[in-house]
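S.K.: this is a predicted model, with the sequence first.
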Amino acid sequence: MDPVSSSPPLVALLGGSFNPPHAGHFRIAIECAEALLPAETLFVPCACPPHKSADNLLPFDFRVALLRAALAEAGMDKSFGVCEVESERSGPSYTADTLAILAARRPDARLAFIMGGEDYAQLSTWRRWRELSALADLVVLPRGERSRESFCDTTRSLWPEARETQTPFPAVTEAFVLPGGERLLFLPQPLLDISSSMTRERWLQGRRLDFLMPQSVRNLLRERESMVRRLWERFPESAGVR
């Protein structure tokens, strides 16, 4: 299959707290866009993450502004954008709810939800996780050793009915298809061991964040330093159901 001419158009979704957004987030978006050739690549900031404490979470609108500033600084074309759908509802921002809303709004598109290998291995703990594959292709990125083997083992465990198939994109090394045509894809990535928690810690310590965080993001954090410091010095996140 030729991914360029396939129909309907593909919309890639990269969710996260983006607290703050950093170089790793933007490289993931670029790598996935180059590999999957989507019509759009959208950052989907989480409004109320069910798997983390909100004690140190920057305001949603501010995180959106950080993302938009970074995209503008990099001169990203209009195929890269920010989706604010999770700000439209109250309560925890469960992924299944978000994908259901976006699938209803974009019946003309095929959604691809990008997630890390560690999250994929814990997918059975997510709320209504069985619905995710019906709403979007799941694109799994490596994290740690045995990522490829872990992806295959997890897929066979969660979806015994899934069958291996020819990869639809040259960069995808493992692909499974479900009876309804939904795809589960493994996409290798360069290892960039950067996390939001690491950048928060360095920012609080006054350390240099060159090449870890876009200059525009650092500028906005500096402008709101009092608010950012007050939130980030709170207790770290705690795990929960996504």
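M.R.: Received, thanks.
S.K.: relative to C83, how far out is V177?
M.R.: Distance, V177 to C83, by Cβ to Cβ, to the nearest Å: 26 Å. C-beta here means a position set from N, CA and C on the backbone, and glycine is covered the same way.
S.K.: swap in E182?
M.R.: Distance from E182 to C83, by Cβ to Cβ: 21 Å.
S.K.: before we move on, what about P142?
M.R.: 25 Å.
S.K.: ok, L111 next?
M.R.: 11 Å.
S.K.: overlap in contacts of these two?
M.R.: Common neighbours of L111 and C83, using Cβ atoms under 8 Å, 6 or more residues apart in numbering, are 13, 102.
S.K.: neighbours of R68, how many?
M.R.: Per other Cβ atoms under 10 Å, the neighbour tally for R68 reads 16.
S.K.: again with T95
M.R.: With neighbours defined by other Cβ under 10 Å, the count for T95 comes to 27.
S.K.: that one is in contact with G15, isn't it?
M.R.: Yes. Using Cβ atoms under 8 Å, T95 is in contact with G15, at 6.7 Å.
S.K.: who's more crowded, E182 and C83?
M.R.: Each of E182 and C83 has its neighbours counted (other Cβ under 10 Å); C83 has more, 21 against 18.
S.K.: quick one, phi psi at the nearest residue to the more buried one once chain neighbours are set aside?
M.R.: Once flanking residues are discounted, C83 sits nearest to L42: 4.3 Å by Cβ to Cβ, 6 or more residues apart in numbering. Phi and psi for L42, reported as degrees, to the nearest 10, are phi -120, psi 130.
S.K.: report pLDDT for D2.
M.R.: Per-residue confidence (pLDDT) for D2: 47.
S.K.: all helices for this protein, in order.
M.R.: 23-36, 60-74, 95-105, 117-121, 132-135, 147-158, 196-204, 215-223, 225-232 (DSSP state H).
S.K.: any chance of a markdown table for those, columns distance to V11?
M.R.: Formatted as a markdown table, the helices of the chain follow (distance: least, Cβ to Cβ, whole Å):
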| stretch | distance to V11 |
| --- | --- |
| helix 23-36 | 10 |
| helix 60-74 | 16 |
| helix 95-105 | 8 |
| helix 117-121 | 20 |
| helix 132-135 | 12 |
| helix 147-158 | 22 |
| helix 196-204 | 24 |
| helix 215-223 | 24 |
| helix 225-232 | 31 |
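S.K.: nearest to A54, out of those?
M.R.: helix 225-232 (9.4 Å; Cβ to Cβ).
S.K.: now do the buried residues in the closest one.
M.R.: Residues 228, 231-232 are the ones in helix 225-232 that count as buried (16 or more other Cβ atoms under 10 Å).
S.K.: before we move on, what about stretch 163-182?
M.R.: So for stretch 163-182, counting by 16+ other Cβ under 10 Å, buried means 167-169, 172, 174-178, 182.
S.K.: now for these: which two are most distant?
M.R.: F169 and L178 (17.5 Å).
S.K.: ok so, going back, now do the contacts for the residue nearest to C83.
M.R.: Listed by Cβ under 8 Å, 6+ apart, the contact partners of L42 are 11-14, 80-83.
S.K.: among these, name the buried ones.
M.R.: Buried among the contacts of L42 (16+ other Cβ under 10 Å): 11-14, 80, 82-83.
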